[in-house]
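In: Just need the structure, nothing else, for what follows:
(2 chains)
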Amino acid sequence: MSKVKVRQKERIKLMKKNILLVENVTKVINKKSIVKDLNFSIDEGEILGFLGPNGAGKSTTLRMIVGLSKPTSGKIEICGHSVTENYIKSMSNVGCIIEGPDLYNYMSGIDNLKMFAAMSKDISEKDIYDVVELVGLKNRIKDKVRNYSLGMKQRLGLAQALINNPKLLILDEPTNGLDPSGINEFRNLVKNLAKERNISVLVSSHLMSEIELMCDKVAIIKNGIILKSAMVKDLLNTQEVFWILNDNEKGREILKNHWKIDSKIVGERLESEIDLSVLGEINNSFFKEGIMIKIVNNKNKTLEDLFLKLTEGNEII
Amino acid sequence: MKLFRSLSLKEVLNLLKLIENEVTKILLKKKLLLISGILLVLISLFAYGENYKYNNTVDRFTKSNSQTQSYDWQGLVKQQISDLKDRLNRSDNTNFNKNSSKSSTGIEIERLQYYLDNNINPITPNAAKFTINFMNQSIFLFLPLLVIILSGDIVSGEFSSKTIKLLLTRAVPRWKILLSKYIAIIIMTTLMIVETAVICIMVSTIIFHTGGWFEPVATGFKVVSEKLDASNVIKIYQWQNAILIYSLGWISMIAVASISFMVSVLVRSTATSIGVMMASLITGSFLQFFLSDWPLVKYYFAINLNLSKYLKGSYEIIPGMSFNFSIIVLCVWICLSLIVSFRVFTTQDVLV
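Out: Residues are numbered from 1 along each chain as shown, chains lettered A, B, ... in the order given. Below is the predicted model of the structure:
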């Protein structure tokens, strides 16, 4: 009995920490599973990147999270409130941009924001202007949206997502069509929000570099399945090292005999997976055996390599 | 109890804000302005045309009767009155006519007497006649078209501009958003009817110079077992008649707005929505002319729009139709439209 209670308490604790919880979510459209048994969660202040090729099910998942479509089965909770059962409470914690900032073109930016503010509770005029200031649209906010550039629309899109002071921000391909400096600015803005306001962010993108620079965690998704989910740091910091020695064959033997480490020769490189802290000692042992080290380097992987490796084969199922 | 009351008050305020949003959207799209423009141009043309026709008729009449300088309408009206009085007396004696038609004949005499007393030529167009006539003429196609312009894109427009996802990701239930949209188009439709009346009155008063608002008319005819029943006929003034006819027009337009609202929920683009509605309106006049024998036709909404024709006692087009029948048919259409709209809108997946 008490064990159950303790477990329940632990669960409640866990749920409080989890801003977003997606459990066993499946979506079937026209008898085709678009999303299959998806599981992931986001903690407070964390930025999760959702990476996948076109048609992987990213948008479908995000739509289910913000309540635009219903999951066929499974559970989605935002701040502990189920999206399907307690729509109002869960939605009051969410701000989102789904597939581009589509706003009312015939209204000014500020009119757009005021309208969305009126749909949430207790938002003062000052709050609206604070958000405008935050996204850097102060000078053009009274212009009609149809006269905005794409970058300005993205900013306004972000402003409408932030207007209800959300705990979870959902951005679907937010930097589509932005120029490099715009992307950079947008990224910094989102990062600051996560850090200063402790907002959790879920970003979907098919741009690797963007995810790499913006996110703490990344989930790589293809055909509705999460292929890999890990911290970006861990994914990128690999333990693979390569040497270029004057005698690779001898080096390989030393590694095998002294260090009990397997290695292989690829072209003129000797490659191996080692604990980086002993790299110095290994190098030292090479010296002692009279091997010249021309180059030693950490074999840096990029997210792009990983992504391409994981999502090999481009056929759409 | 107190908490409950304040809560519901909050809910109402919340809904009011949503309605305000929707009305603002319609206004900012400048649709009301467009409609006002169309109404002003069309009504002015009609009024001018009617005035021209009248002057022409008078001209021709004076030319053909060269002996009298101005043609003698007073004599004509006096003749009509004595004819009617004769008929009334005869029916008293022979008890040939039904008692009921007596009252309508009485009102007709009163109406003609009013022309004589006030020295008004009965064929002279006046503001009241024009205003009422305009509503009766435009209720089949013209006003419904304007309603469609107002309401055809209320939901589908949000889908074509993809702004629907901004609306449906707020902490507001979907039914509330849809309700606010419906109330907004009801408000706009009402405004449009009022505007039609105001423009009609203004333009016709300027062009015809005469009001005629206190002319007595007979109303309240009924169709019972395919015969005209005049037992409930009452005398009202033209201004009352105008209010009555515009109110009935309002009911018809609410029906059109509701159906257009449903179509707007069901289809994804504004063009389709407006196209479907126009087609169904035109189908209505088609059915009326070519398939009036087919009993199912009378359940079609577009055929039941002209509610005031029953009260005037004019000939009914399809057997089995009456004032009550039409009102019920329209109400059923409104209810069905709303049920379908709310069902579809609250359950569908938004994939734009």
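In: Run through the residues of chain A sitting next to chain B.
Out: Chain A comes close to chain B at residues A:29, A:63, A:66-70, A:87-89, A:91-92, A:94, A:96, A:98-100, A:102-107, A:111, A:115-116, A:118-121, A:160, A:164, as judged by Cβ under 8 Å from any Cβ of the partner chain. Glycine gets a C-beta too; all of them are placed from N, C-alpha and C.
In: Among these, the buried ones, what's the ChimeraX command?
Out: Restricted to buried positions by 16 or more other Cβ atoms under 10 Å in any protein chain shown, the ChimeraX selection for these reads:
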select /A:63,66,67,68,69,87,91,92,94,96,98,99,100,102,103,104,107,111,115,116,118,119,120,160,164
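In: Looking at the residues of chain A next to chain B, which are in helices?
Out: The members of the residues of chain A next to chain B that map onto helices under DSSP state H are A:63, A:87-89, A:91, A:111, A:115-116, A:118-119, A:160.
In: Farthest pair within the residues you listed?
Out: Distance extremes for those: the farthest pair is A:Lys89 and A:Asp111 at 27.9 Å, using Cβ to Cβ.
In: Now do B:Ala127: how many residues are near it, please.
Out: 25 (other Cβ atoms under 10 Å in any protein chain shown).
In: Test my guess that it contacts B:Thr205.
Out: Yes. Look at B:Ala127 against B:Thr205 with Cβ atoms under 8 Å: they come within range, at 4.6 Å.
In: shared neighbours of those two, which are they?
Out: Both B:Ala127 and B:Thr205 are contacted by B:Gly211, under the criterion Cβ atoms under 8 Å, 6 or more residues apart in numbering or on different chains.
In: Just put the ones in helices among the residues of chain A next to chain B in TSV and tack on pLDDT.
Out: Output for these, formatted as TSV (pLDDT from 0 to 100):
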residue	pLDDT
A:Arg63	92
A:Tyr87	91
A:Ile88	91
A:Lys89	91
A:Met91	92
A:Asp111	94
A:Met115	93
A:Phe116	93
A:Ala118	92
A:Met119	91
A:Gln160	93
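In: is it true that B:Thr124 lies in a strand?
Out: No. Counting by DSSP: H, G, I helix; E, B strand; the rest coil, B:Thr124 falls outside a strand, being coil.
In: Check what pLDDT it gets.
Out: We have a pLDDT of 80 for B:Thr124.
In: Touching, it and B:Thr210? I think so.
Out: Yes. Using Cβ under 8 Å, B:Thr124 and B:Thr210 qualify as a contacting pair, with a distance of 6.7 Å.
In: so where do the helices sit in chain B?
Out: With DSSP H, the ranges of helices along chain B come out as B:2-28, B:31-64, B:73-94, B:99-117, B:127-138, B:142-151, B:156-160, B:164-167, B:174-208, B:238-266, B:270-290, B:308-312, B:323-347.
In: where among those helices is the average confidence lowest?
Out: helix B:99-117 has the lowest average pLDDT among the helices of chain B, namely a mean of 73.
In: For the nearest residue to B:Asn126 once chain neighbours are set aside, which residues are in contact?
Out: The spatially closest residue to B:Asn126, leaving aside those adjacent along the chain, is B:Gly212, at 3.4 Å (Cβ to Cβ, 6 or more residues apart in numbering or on different chains). For B:Gly212, the contacting residues are B:120, B:126-129, B:238, taking Cβ under 8 Å, 6+ apart as the criterion.
In: Determine which residue lies closest to the centroid of chain A.
Out: The central residue of chain A, meaning the one whose C-alpha is nearest the mean C-alpha position (Cα atoms, centre = their mean), is A:Gly49 at 0.9 Å.
In: That one: helix or strand, and which one exactly?
Out: Element membership for A:Gly49 (DSSP states H and E) is strand A:47-51.
In: Report the buried residues of that strand.
Out: Buried positions in strand A:47-51, judged by neighbour count with 16+ other Cβ under 10 Å: A:47-51.
In: Show me the two of these that sit farthest apart.
Out: The span of those, defined through Cβ to Cβ, is set by A:Ile47 and A:Leu51 at 12.5 Å.
In: Get me the contact residues on chain B for chain A.
Out: If contact is defined as Cβ under 8 Å from any Cβ, the residues of chain B in contact with chain A are B:14, B:17-18, B:20-21, B:24-25, B:28-29, B:161-163, B:165-173, B:349-351.
In: mind running it again at 6 Å?
Out: Contact residues, chain B versus chain A (Cβ under 6 Å from any Cβ of the partner chain): B:17, B:21, B:28-29, B:162-163, B:165, B:168-172, B:349-350.
In: Max pairwise distance over the residues you listed: which two?
Out: When the residues of chain B next to chain A are compared pair by pair using Cβ to Cβ, the two farthest from each other are B:Leu28 and B:Asp349, 28.7 Å apart.
In: can I get the ones in helices among the residues of chain A next to chain B in CSV with distance to B:Ile254?
Out: Output for these, formatted as CSV (distance: Cβ to Cβ, whole Å):
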residue, distance to B:Ile254
A:Arg63, 35
A:Tyr87, 30
A:Ile88, 30
A:Lys89, 35
A:Met91, 32
A:Asp111, 29
A:Met115, 26
A:Phe116, 30
A:Ala118, 26
A:Met119, 26
A:Gln160, 33
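In: and A:Lys299, what does it touch?
Out: With Cβ atoms under 6 Å, 6 or more residues apart in numbering or on different chains as the criterion, the residues that contact A:Lys299 are A:240, A:242.
In: Kindly report the same for A:Thr175.
Out: Going by Cβ under 6 Å, 6+ apart, A:Thr175 touches A:183, A:186, A:210.
In: what about the first one, which SS state?
Out: Translated: A:Ile183. Here A:Ile183 is helix, with the state taken from three-state DSSP.
In: Once you drop chain neighbours, what's closest to it?
Out: Excluding its sequence neighbours, the residue lying closest to A:Ile183 (Cβ to Cβ, 6+ apart) is A:Thr175, at 4.6 Å.
In: Let me know the secondary structure of that neighbour.
Out: Classification of A:Thr175 into helix, strand or coil gives coil, according to three-state DSSP.
In: Next one: it relative to chain B, how far apart?
Out: Between A:Thr175 and chain B the distance, using Cβ to the nearest Cβ, to the nearest Å, works out to 18 Å.
In: What are the contacting residues of stretch B:196-209?
Out: For stretch B:196-209, the external contacting residues (Cβ under 6 Å, 6+ apart) are B:39-40, B:43-44, B:47, B:51, B:125-127, B:130-131, B:134, B:246.
In: Does the strand holding A:Gly49 pack against any helices or strands, and if so which?
Out: strand A:200-205, strand A:217-222 (3 or more Cβ pairs under 6 Å, 6 or more residues apart in numbering or on different chains; DSSP states H and E).
In: Would you list the strands that the last one pairs with, along with their directions?
Out: Strands that pair with strand A:217-222, judged by DSSP bridges, come out as strand A:47-51 (parallel), strand A:225-231 (antiparallel).
In: What is the neighbour count of B:Ile185?
Out: A count of neighbours around B:Ile185, defined by other Cβ under 10 Å, yields 25.
In: any weak-confidence spans in chain A?
Out: Under the criterion pLDDT under 70, the flagged ranges of chain A are A:1-16, A:236-239, A:300-302, A:313-317.
In: Report back the residue of it that's furthest from centre.
Out: Taking Cα atoms, centre = their mean, the residue of chain A most remote from its mean C-alpha position is A:Gly290, at 47.0 Å.
In: dump the residue contacts of it.
Out: Taking Cβ under 6 Å, 6+ apart, one finds nothing in contact with A:Gly290.
In: Am I right that it is in a strand?
Out: No. The secondary structure assignment for A:Gly290 gives coil rather than a strand, going by three-state DSSP.
In: what's it sitting at in phi/psi?
Out: Dihedral angles phi and psi of A:Gly290 (degrees, to the nearest 10) take the values phi 80, psi 30.
In: quick one, phi psi at A:Glu23?
Out: phi -130, psi 120.
In: Next, count neighbours for the residue lying closest to A:Leu245 once chain neighbours are set aside.
Out: Counting by Cβ to Cβ, 6+ apart, A:Gly251 is the residue found nearest to A:Leu245 once chain neighbours are left out, at 4.5 Å. Using other Cβ under 10 Å, A:Gly251 has 23 other residues around it.
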